[in-house]
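**Student:** Here is the input, now give the coordinates:
(one chain, ligands or ions: 2)
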Amino acid sequence: MVVGAGPTGENLADRAHAGGLSVAVVESELVGGECSYWACMPSKALLRPAAALADARRLPGAREAAGGTLDAAAVLERRDEFTSHWKDDGQVDWLKGAGLVLVRGRGRLDGVKRVAVETPDGGRRVLTARHAVAVCTGTRAALPDLAGLADVRPWTSREATSAARVPARLAVVGGGVVACEMATAWRALGSEVVQLVRGSRLLPRMEPFAGELVAQGLRAAGVDVRFGASVTGVRRDGPVTLTLDGGETVTADEVLFATGRTPATADLGLETVGLDAGRPIEVDDTGLAAGVPGEWLYAAGDVNGRALLTHQGKYQGRIFGAVIADRAAGRTLDTAEWGRSVATADERAVPQVVFTDPEATAVGLTLEQATRAGHRVRAVDYDLGRVAGASLYADGYQGRARAVVDLDREILLGVTFVGAGVAELLHSATIAVAGEVPVSRLWHAVPAYPTISEVWLRLLETYRG
Ligand SMILES: Cc1cc2nc3c(=O)[nH]c(=O)nc-3n(C[C@H](O)[C@H](O)[C@H](O)COP(=O)(O)OP(=O)(O)OC[C@H]3O[C@@H](n4cnc5c(N)ncnc54)[C@H](O)[C@@H]3O)c2cc1C
Ligand SMILES: NC(=O)c1ccc[n+]([C@@H]2O[C@H](COP(=O)([O-])OP(=O)(O)OC[C@H]3O[C@@H](n4cnc5c(N)ncnc54)[C@H](O)[C@@H]3O)[C@@H](O)[C@H]2O)c1
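**Tutor:** Ligands and ions are numbered 1, 2, ... in the order given. Got it, this is the predicted structure:
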C-alpha cells in the first residue's frame, strides 16, 4: 500500500507492481502530487518564457525583435495547460493503466500494516497490506509563527504557482529556491518585487558564488533584494504591510512566504506505530523506516527529508519499490554502495537546477561540505564567460563553474555551474560524480566546440596546470 500519489508514490507503486505485487495507492488530493500542480511544473512554466526573453535580450539583433514585455495572460494560460487545469484525469488513467488500484481519501496509519482511509463521502475504510506500507506524503509549506499571519492570507508556494492574476506589488520572504524562482517569475510577469532575506545570502545550500550571481541577476531585473531583513509583523488593510526588525515597513498587494517546508506527517497516525508525528520519517538506504520492527514500513520522497526534489523522490521510489517486491518474494537485495537496492545517490550525487536568471545548478558536495566531511579537496574555478560557447550564447555572459576534486582519489565530489543555459549541462556533471569518473579519463571526454560544455576542458586544464 502506498500513501500519497505524488511523483514518488507513483514511481514506487509502479516498481513494486513490476516486481510482482498488487498495489493500492491512497491519495487525498490530486494524483500527481505537489510537483504536477503547485510546484515544479507550474513554476517552470512561469519561468521558461522569462528565460527565453532574457536570452533574446542579450543578443544584438534578437534584442531589437524582443523589445516588449511578457504577455502575462498567455504565460498564465500556458501554465494552466501544464497543470491540466488542476485536474488529474490523465494521471489517474496512467495509474490505472499501470495496473495500480487508486483509493481516493486521506490515509492514516492504524497499527502494523494497516491504513485507515477517510473517504471523500465521509466513510472510513481500513486496508491491510500483505507486505508493506510506503508513506510518500511529501511536505507542506512551513509558515513562521507571526501574530495575525493567517488574516493577511499570505501566498505560499501553492498560490505563487497557481495565481490567476499578476499582483502589482509582491513581497517575497525567504532566500531559498522557491523565493528566488518566484521572485524571478513574478518580476518578469510585471510585478514590483521586494525580496526580504533574513540571512546574508541567497541559496545557502549552494556554493556562495551561486547566491551572489543570482542576487546580481535579480537586482538587474529590478527586484529589490534586501538582506538581514526579518519580518516581525504583518497586517492587511487592503494591501499587506510587513514590519521588519529594524522598524521599517514594506507594503505590497500580496506577500509570499517561501520559508521552507514541513513534512506531511502531522496527521498520519505515526503514533500508532511508535513514531513521532510532525517529523520526517527517517529511513535507511533501502527505504525502511528507522525504529519500526518487522520490515514493513517504508517512507520515500520529501517526507523522509533526504533530498526535497522530485527526481530524488522518483529515484527513491524506483529503488524502494523494487526492494519491497524483492523482500516480499524472498529475493536477495544488493545493498553494497551504489547497489541496485540502495539510494546511494541521495548522499553523494544529488543534482539541482534553480531556474533563476542566471540558472544555478549543482551536483554533489560544495567545497565547504566536502571539507567538513573530511575529504582532502581542491576547488577548481573557471569564469564561464571566457568559454567560447558561452560568449556566443550571450553578449556579456556572466557565469562561473567550480569542480571540487578529491585529491586522494582524483575524482570529482561536486560540480557547480551558474550561468544562462547551463541547466542542460548539469547532467554531464552528475554522470562524472555518480560514476566517480577519474580526472585522467575525463580528460578524454572531449566537449564539442563551441559549446558551453567546453568549460569541462577549461576546468581540467586549470586543475592540471
Ligand atoms: C514551488 C516549488 C517548486 C519546485 N520545483 C522543483 C523543481 O523544479 N524540481 C524538483 O526536482 N523539485 C522541485 N520542487 C520540489 C518538489 O515539488 C518535491 O520534491 C516533490 O513534489 C516531492 O514529491 P513527493 O511525491 O515526495 O511529494 P508530493 O509531490 O508532495 O506528493 C505527496 C502526495 O501525497 C498526498 N498526501 C499527503 N498526505 C496524504 C494522506 N494522509 N493520505 C493520502 N494522500 C496524502 C498529497 O496530496 C500529494 O498528492 C519544488 C517545490 C516547490 C514548492
Ligand atoms: N528548482 C528546484 O529544484 C526547486 C524549486 C523549488 C523548490 N525546490 C525544493 O523545495 C524545497 C523547499 O524550498 P524552499 O525555498 O521553500 O525552502 P528552502 O529551505 O530552500 O528555503 C527557505 C528559506 O527561508 C528562510 N526562512 C525560514 N524561515 C524564515 C523566517 N521565519 N523568516 C524569513 N526567512 C525564513 C530560510 O533561511 C531559507 O533561506 C527545497 O528543498 C528545494 O530544494 C526545488
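
**Student:** Please list all residues in contact with the residue in the stretch 301-450 of the chain that ligand 1 sits nearest to.
**Tutor:** Closest residue of the stretch 301-450 of the chain to ligand 1, C-beta to the nearest ligand atom: G301 (2.3 Å). All C-beta spots, glycine's among them, are computed from the backbone N, C-alpha and C. For G301, the contact set (C-beta atoms under 8 Å, 6 or more residues apart in numbering) comprises 4, 6-9, 136, 138, 312-313, 316-317.

**Student:** So which residues make contact with stretch 451-459?
**Tutor:** For stretch 451-459, the external contacting residues (C-beta under 8 Å, 6+ apart) are 380, 382, 384, 386-390, 393, 401, 403, 417, 419, 421-422, 425, 428, 442, 445-448.

**Student:** what residues does this protein put near ligand 1?
**Tutor:** Counting by C-beta under 6 Å from any ligand atom, the chain comes close to ligand 1 at 3-9, 26-29, 33-35, 39-40, 43-44, 106-107, 136-139, 157, 161, 178, 264, 268, 301-302, 308-311, 313.

**Student:** Looking at these, which are in strands?
**Tutor:** The strands, defined by DSSP state E, take in 3, 26-27, 106-107, 139 from the residues of the chain next to ligand 1.

**Student:** In those residues, find the pair that's most separated.
**Tutor:** Largest separation among those by C-beta to C-beta: V26 and T139, giving 17.4 Å.

**Student:** Compare neighbour counts for those two and give me the winner.
**Tutor:** Looking at V26 and T139 with other C-beta atoms under 10 Å, you find the greater number of neighbours at V26, namely 28 against 21.

**Student:** wait, the more buried one sits on G105?
**Tutor:** Yes: here V26 reaches G105: they are 6.3 Å apart, a contact under C-beta atoms under 8 Å.

**Student:** Give me the common contacts of those two.
**Tutor:** Counting by C-beta under 8 Å, 6+ apart, the contacts common to V26 and G105 are V117.

**Student:** ok, for the residue in the chain positioned nearest to ligand 2, nearest residue in space, not its chain neighbours?
**Tutor:** Nearest residue of the chain to ligand 2, counting by C-beta to the nearest ligand atom: G176, 2.0 Å away. Spatial nearest neighbour of G176, chain neighbours left out: A258 (6.3 Å); criterion: C-beta to C-beta, 6 or more residues apart in numbering.

**Student:** how many neighbours does the one you found have?
**Tutor:** Around A258 there are 24 residues (other C-beta under 10 Å).

**Student:** Then A147?
**Tutor:** A147: 10 surrounding residues under other C-beta under 10 Å.

**Student:** Skipping adjacent residues, who's closest to it in space?
**Tutor:** G233 (7.2 Å).

**Student:** any idea how far that neighbour is from ligand 1?
**Tutor:** 25 Å (C-beta to the nearest ligand atom, to the nearest Å).

**Student:** quick one: strands adjacent to the host helix or strand of that residue?
**Tutor:** Applying DSSP states H and E as the criterion places G233 in strand 231-236. With DSSP bridges as the test, strand 231-236 is paired with strand 240-244 (antiparallel).

**Student:** near ligand 2 at all, the partner strand?
**Tutor:** No: on the criterion C-beta under 6 Å from any ligand atom, strand 240-244 is out of touch with ligand 2, staying 10.5 Å away.

**Student:** If you count neighbours, what's buried in that strand?
**Tutor:** If you call a residue buried by 16 or more other C-beta atoms under 10 Å, then strand 240-244 has these buried ones: 240-244.

**Student:** do the same with stretch 119-137
**Tutor:** Neighbour counts using 16+ other C-beta under 10 Å place 127, 129, 131-137 of stretch 119-137 among the buried residues.

**Student:** Make CSV out of those and add pLDDT and distance to F227.
**Tutor:** Formatted as CSV, the buried residues of stretch 119-137 follow (pLDDT from 0 to 100; distance: C-beta to C-beta, whole Å):
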residue, pLDDT, distance to F227
L127, 97, 50
A129, 98, 49
H131, 98, 51
A132, 98, 46
V133, 98, 44
A134, 98, 41
V135, 98, 37
C136, 98, 36
T137, 98, 34
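
**Student:** which of the residues you listed sit farthest apart?
**Tutor:** H131 and T137 (19.3 Å).

**Student:** Is any residue of the longest strand seen in the chain near ligand 2?
**Tutor:** Counting by DSSP E, the longest strand found in the chain is strand 411-419. No: counting by C-beta under 6 Å from any ligand atom, ligand 2 has no neighbours in strand 411-419; the shortest distance is 13.6 Å.

**Student:** Which secondary structure elements does whichever helix or strand comes after that strand sit against?
**Tutor:** The helix or strand immediately downstream of strand 411-419 is helix 426-434, counting by DSSP H and E. The contact analysis (3 or more C-beta pairs under 8 Å, 6 or more residues apart in numbering; DSSP states H and E) places helix 426-434 against helix 345-348, strand 351-354, strand 359-364, strand 411-419.
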